[in-house]
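Q: Provide a 3D model corresponding to the input given below.
(2 chains)
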Amino acid sequence: MLLKAVVYAVLAYLLIPLVVIVLFSFNAEQSFSFPINGYSFRWYALIFQDPQLGQALVKSLMIATATAIVTLVLGTAASLAWLRLGRFGRSVLEILCITPIALPGLFLGVSLLVLAAQLGVRLSMVTIVVSHVVLSVPMLMIAMRARLALFDRTLEEASRDLGASQIGTFRRITLPLIAPTLISCAILSFALSFDEFVVTSFVAGTETTLPMYIWSMMRRTVTPLINSISTLALLFSVMIMAIGFVVGRFKRASALSDRASS
Amino acid sequence: MNRGISSETPLIEMSNGQKKFGLFQALTNIDLTINEGEIVTLLGPSGCGKTTLMRIIAGFEALSSGSLKIDGKDVAALPPEKRPVNMVFQRYALFPHLDVFDNVAYGLKVKGVAREERRSRVQAMLKTVQMESLAHRFIGELSGGQCQRVALARALVNGPRVLLLDEPLAALDLKIRQHMLAEMKRIQMETGATFVYVTHDQDEAMILSDRVVLIDRGRIVQVDKPQDMYFRPRTLFAAKFLGETNLFEGKAGASSDGQILLQTPDGPFDITAGAVPMGGAHTAVMSVRPEAMSFRRCASQDDHELEAEIDDVIFSGSRSFFHLVSRGGQKFRVQVQNLPGAELPGTGDMVHVCWRKDSAIILQP
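A: Model (predicted):
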């Protein structure tokens, strides 16, 4: 009984803020007070009247996509290396990879900014992507570690034994087996990049991402527009995760039906 | 044992093979020839180097020095995928994202065998291992014994000259294990492949093999037919590792008629068979199998006899095991076949134990 109550309390703690935002995004009035006196889509309509907001959104999407792709490539390479390392090598690689997120974002932002200045790199979307990759690779390493620990390397040996080359083994055995892990990790790094604020604010230069734009709006006045933007962002994140899930399911189902017909 | 398919043509030849992992010497002076069509087991306790030896033949490890030839060709430079051998892995290593059919077809697909031929060869092989009806199951949906069959089929469908099996039955329970042993013998006869079988289980080795290669701490101790290995072990390790045996320690010396005379606390025993250098008195051990002993007075000059007290009796269905202590303080075991109505001595009885002289072997401790 008590256990159940605790579980519900934790769930409520996690979800109530989300519910509040979604609810107020449909509020007809400007105020943030209960009870809500009427519902409307006026805050959603306002989103489309703000061209700067649209630009910030497009930039955030581009940055998140680039981050996910770069992280995926680096992450695949890192995970293959990880599979081939001994216990000692694995811990060293983990410590090296995880250090960046153990640092406060503030320090990371400052150090990336200093580095860019030292190298004479102009701050732009590229520096934002680079800093997001620095943040998301460690996350990816953590997420991947548990699942890759279950990967059986004798499968690769079996494939070699049956006549496949090293590259053939990677394509036919290793990649299909680690692909679900990699895809979910790519989605995770997309989400991380999409709402990253602290580090971005240091390295963005004159660029404005969606979180930065929202923050600048909040500085002027707290407008219910924030609620509708957040709700859309939430919907978008849920959709991405759902797509990842459905694609995984669909691939398995089609694989099954292929075999049944052959 | 010889089913007429093994020939004298050497297929695998290793000479003076050495393997080091850093400072650890895993294999020492391995000289081994395996003939075409044979079933050879590499038998030894865990950590003795038998799996390393197999992985060297498969190409996953390289010899530190020495040479390895397969089918007359030196294979030192060949990667695993280029060797005419296939392996059945200890935990099967079946591909979890493929079904049974695609697992078995994998080797042929990789080698570019045409679709129609691939299909018929896979189906024939699935039939051999009696898995045709489960061809479209995924690996996660199979039992241990079924996985074993798929692993065998996946290796054999490629028509390897040599099939390497790394403790393939270790993960199965006893009943299925015995059944799979019989199955493997049948499949070996049907395919004619040479089987090299790694195990730490002496029963599997004796049931399956044409020849047993006994390995201890990285060295080959003895290579023999199972019967010879069991009845004529050449070392104490071999005698103890294969089956159960009683060991009587004493001082050995030559007797007048050229036999070895072993002086024990229970008196002298004269022995013909064994691997002990003649001449000079030295410590030696006589080995007698429990099933070679029986409760009776000696009938002839060809027997050894010992008086002993029964300490314990263990009944186990078809057989009974008697724990005895001799007058000289030697503990040993006697195994008796149980027959209905037979009267056997009980705990505390003094009995005469007798065995044929030629069932005793003398060994160096």
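Q: Show the pLDDT at the residue positioned nearest the centre of chain A.
A: The centre of chain A sits closest to A:Ala191, judged by CA atoms, centre = their mean, with a distance of 2.5 Å. Predicted confidence (pLDDT) for A:Ala191: 85.
Q: just to confirm, which helix or strand has it in it?
A: helix A:175-194 (DSSP states H and E).
Q: what comes up buried for that helix?
A: Under the neighbour-count criterion of 16 or more other CB atoms under 10 Å in any protein chain shown, helix A:175-194 has A:176-178, A:180-194 buried. (Each C-beta comes from the backbone N, C-alpha and C, glycine too.)
Q: how close does the residue most central in space within chain B sit to chain A?
A: Of all residues in chain B, the one closest to the mean position by CA atoms, centre = their mean is B:Ala205, 2.7 Å from it. Using CB to the nearest CB, to the nearest Å, B:Ala205 is found at 23 Å from chain A.
Q: doesn't B:Lys225 make contact with that residue?
A: No - B:Ala205 is not in contact with B:Lys225 according to CB atoms under 8 Å; the separation is 11.2 Å.
Q: which residues do these two both contact?
A: B:Val212 (CB atoms under 8 Å, 6 or more residues apart in numbering or on different chains).
Q: The residue nearest to the centre of chain A and A:Ser237 touch, don't they?
A: Yes - A:Ala191 is in contact with A:Ser237 according to CB under 8 Å; the separation is 5.8 Å.
Q: mind exporting the longest helix seen in chain B as PDB, just the C-alpha atoms?
A: Longest helix in chain B, counting residues (DSSP state H): helix B:174-191. The C-alpha coordinates for helix B:174-191 follow below in PDB (Å, rounded to 0.1, in the frame of the first residue of the first chain):
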ATOM      1  CA  LEU B 174      21.900 -34.900 -18.400                       C
ATOM      2  CA  LYS B 175      19.100 -36.600 -20.300                       C
ATOM      3  CA  ILE B 176      19.400 -34.300 -23.400                       C
ATOM      4  CA  ARG B 177      23.200 -34.600 -23.200                       C
ATOM      5  CA  GLN B 178      23.100 -38.400 -23.600                       C
ATOM      6  CA  HIS B 179      20.600 -38.100 -26.500                       C
ATOM      7  CA  MET B 180      22.700 -35.400 -28.200                       C
ATOM      8  CA  LEU B 181      25.900 -37.600 -27.900                       C
ATOM      9  CA  ALA B 182      24.100 -40.300 -29.900                       C
ATOM     10  CA  GLU B 183      22.800 -37.800 -32.400                       C
ATOM     11  CA  MET B 184      26.300 -36.300 -32.900                       C
ATOM     12  CA  LYS B 185      27.700 -39.700 -33.700                       C
ATOM     13  CA  ARG B 186      25.000 -40.300 -36.200                       C
ATOM     14  CA  ILE B 187      25.500 -36.900 -37.800                       C
ATOM     15  CA  GLN B 188      29.300 -37.500 -38.000                       C
ATOM     16  CA  MET B 189      28.700 -40.700 -39.800                       C
ATOM     17  CA  GLU B 190      26.300 -39.100 -42.200                       C
ATOM     18  CA  THR B 191      28.500 -36.200 -43.000                       C
END
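Q: which residue ranges form the strands in chain A?
A: Secondary structure of chain A by DSSP state E: no strands are present.
Q: returning to what we had before: so for the longest helix of chain B, mean pLDDT?
A: Helix B:174-191 comes out with an average pLDDT of 85.
Q: and if you look at stretch B:232-244?
A: Here the average pLDDT along stretch B:232-244 is 90.
Q: hmm, who's touching that stretch?
A: Under CB under 8 Å, 6+ apart, the answer for stretch B:232-244 is B:43-45, B:202, B:205-206, B:212, B:214, B:216, B:221-222, B:224, B:229-230, B:245, B:247, B:273, B:275, B:285, B:287, B:289-290, B:333, B:335, B:361, B:363-365.
Q: in it, what's buried?
A: For stretch B:232-244, by 16+ other CB under 10 Å, it's B:232-239, B:241-243.
Q: Is it possible to get CSV of these that adds secondary structure?
A: Shown next, in CSV, are these (DSSP: H, G, I helix; E, B strand; the rest coil):
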residue, secondary structure
B:Arg232, coil
B:Pro233, coil
B:Arg234, coil
B:Thr235, coil
B:Leu236, helix
B:Phe237, helix
B:Ala238, helix
B:Ala239, helix
B:Phe241, helix
B:Leu242, coil
B:Gly243, coil
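Q: and which of those is nearest to chain A?
A: B:Phe241 (27.5 Å; CB to the nearest CB).
Q: So which residues on the stretch 1-150 of chain B come close to chain A?
A: B:58-60, B:79-81, B:85-87, B:89-91, B:93-97, B:99, B:101-102, B:106-107, B:110-111, B:136 (CB under 8 Å from any CB of the partner chain).
Q: picking that back up, contacts with chain B among the buried residues of helix A:175-194, please.
A: Within the buried residues of helix A:175-194, those near chain B by CB under 8 Å from any CB are A:176-177.
Q: so the nearest residue to B:Phe95 once chain neighbours are set aside, which of the three states?
A: Once flanking residues are discounted, B:Phe95 sits nearest to B:Asn103: 5.5 Å by CB to CB, 6 or more residues apart in numbering or on different chains. Under three-state DSSP, the three-state class of B:Asn103 is helix.
Q: The residue lying closest to B:Leu78 once chain neighbours are set aside: what's it in contact with?
A: Closest residue in space to B:Leu78, ignoring its immediate chain neighbours: B:Gly59 at 6.3 Å, by CB to CB, 6+ apart. Contact analysis of B:Gly59 by CB under 8 Å, 6+ apart lists A:160-161, B:75, B:78-80, B:82-83, B:85.
Q: thinking again about what came up before, how about the contacts made by the residue nearest to the centre of chain B?
A: Taking CB under 8 Å, 6+ apart as the criterion, B:Ala205 is in contact with B:41, B:43, B:197, B:199, B:212, B:226, B:242.
Q: Please apply the same query to A:Ala204.
A: A:123, A:127-128, A:212.
Q: burial of A:Ala116, as a residue count?
A: For A:Ala116, the count of nearby residues is 20 (other CB atoms under 10 Å in any protein chain shown).
Q: And for A:Ser237, the neighbour number?
A: Using other CB under 10 Å: A:Ser237 sits among 15 other residues.
Q: wait, what's in contact with it?
A: Residues near A:Ser237 by CB under 8 Å, 6+ apart: A:191, A:194.
Q: Backbone dihedrals for B:Gly72, please?
A: phi 80, psi -10 (degrees, to the nearest 10).
Q: Just the pLDDT for it.
A: In this model, B:Gly72 carries a pLDDT of 90.
Q: go on, the one 4 residues further on?
A: The score at B:Ala76 is 89. That number is its pLDDT.
Q: Does it belong to a helix, a strand or coil?
A: What three-state DSSP gives for B:Ala76 is coil.
Q: Wait, it touches B:Ser65, no?
A: No - judged on CB under 8 Å, B:Ala76 makes no contact with B:Ser65 at a distance of 10.4 Å.
Q: of these two, who's got more company?
A: A direct count of neighbours by other CB under 10 Å for B:Ala76 and B:Ser65 places B:Ala76 higher, at 13 against 9.
Q: Could you pull up the residues touching the residue nearest to the more buried one when sequence neighbours are not counted?
A: The shortest distance from B:Ala76 to any non-neighbouring residue, by CB to CB, 6+ apart, is to B:Leu68 (6.5 Å). Counting by CB under 8 Å, 6+ apart, B:Leu68 makes contact with B:12-14, B:17, B:56-57, B:74-76.
Q: Any idea how many residues pack against the single nearest residue of the stretch 1-150 of chain A relative to chain B?
A: Of all residues in the stretch 1-150 of chain A, A:Leu150 sits closest to chain B, at 10.5 Å by CB to the nearest CB. Using other CB under 10 Å, A:Leu150 has 8 other residues around it.
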